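A.B. asks: Got a predicted model here, sequence first, then my questions.
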Amino acid sequence: MFHYTKLDLFCDDIKKYADADGYVPEAEDIFQDFAYPDQQFKELDHWTQHIHNSVVATQSAQQKLTAWQNRG
């Protein structure tokens with residue numbers, strides 16, 4: 001779990017995966033550690049897909065941030 005602001009300029013790509021407090025789940029995180037509406041992830045499949053999407057979006061944002069930091 002990390003706060004989406006960690007990815008600076010590229011956090012917009014992952015904000016939609018963040019909970020009400022701005023924390024984004026990572027691969028091993030569990031739903032209970034976050035402030036999502038109780039019904040949002042009633043089914044485990046929804047949480048599993050959310051985690052997958054979050055991880056992919058985070059990796060992409062991290063690559064963009066690294067490239068931006070290493071520019072020029």
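C.D. replies: Cool, got the structure.
A.B. asks: Measure how far stretch 16-23 is from the centre of its chain, please.
C.D. replies: 7 Å (CA atoms, centre = their mean, to the nearest Å).
A.B. asks: For it, which outside residues touch it?
C.D. replies: Here stretch 16-23 makes contact (CB atoms under 8 Å, 6 or more residues apart in numbering) with 1-5, 24-25, 34-36, 50, 53-54, 57-58. Bear in mind the C-beta positions are built from the backbone N, C-alpha and C, glycine included.
A.B. asks: can you rerun that using 7 Å?
C.D. replies: By CB atoms under 7 Å, 6 or more residues apart in numbering, the list of residues contacting stretch 16-23 from outside reads 1-5, 24-25, 34-36, 50, 53-54, 57.
A.B. asks: Do me a favour and get the end-to-end distance for that stretch?
C.D. replies: 10 Å (CA to CA, to the nearest Å).
A.B. asks: Let me see the mean pLDDT of it.
C.D. replies: For stretch 16-23, the mean per-residue pLDDT is 96.
A.B. asks: secondary structure element for the nearest residue to Leu7 once chain neighbours are set aside?
C.D. replies: Nearest residue to Leu7, sequence neighbours excluded (CB to CB, 6 or more residues apart in numbering): Ala61, at 4.7 Å. Element membership for Ala61 (DSSP states H and E) is helix 44-69.
A.B. asks: So which bits of that helix are buried?
C.D. replies: 47, 50-51, 54-55, 57-58, 61, 65 (16 or more other CB atoms under 10 Å).
A.B. asks: and those residues as TSV, adding pLDDT and distance to Cys11?
C.D. replies: Listed next are the buried residues of helix 44-69 as TSV, based on pLDDT from 0 to 100; distance: CB to CB, whole Å:
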residue	pLDDT	distance to Cys11
Trp47	94	22
His50	96	17
Ile51	96	18
Ser54	97	13
Val55	97	15
Ala57	97	10
Thr58	97	10
Ala61	95	7
Leu65	93	9
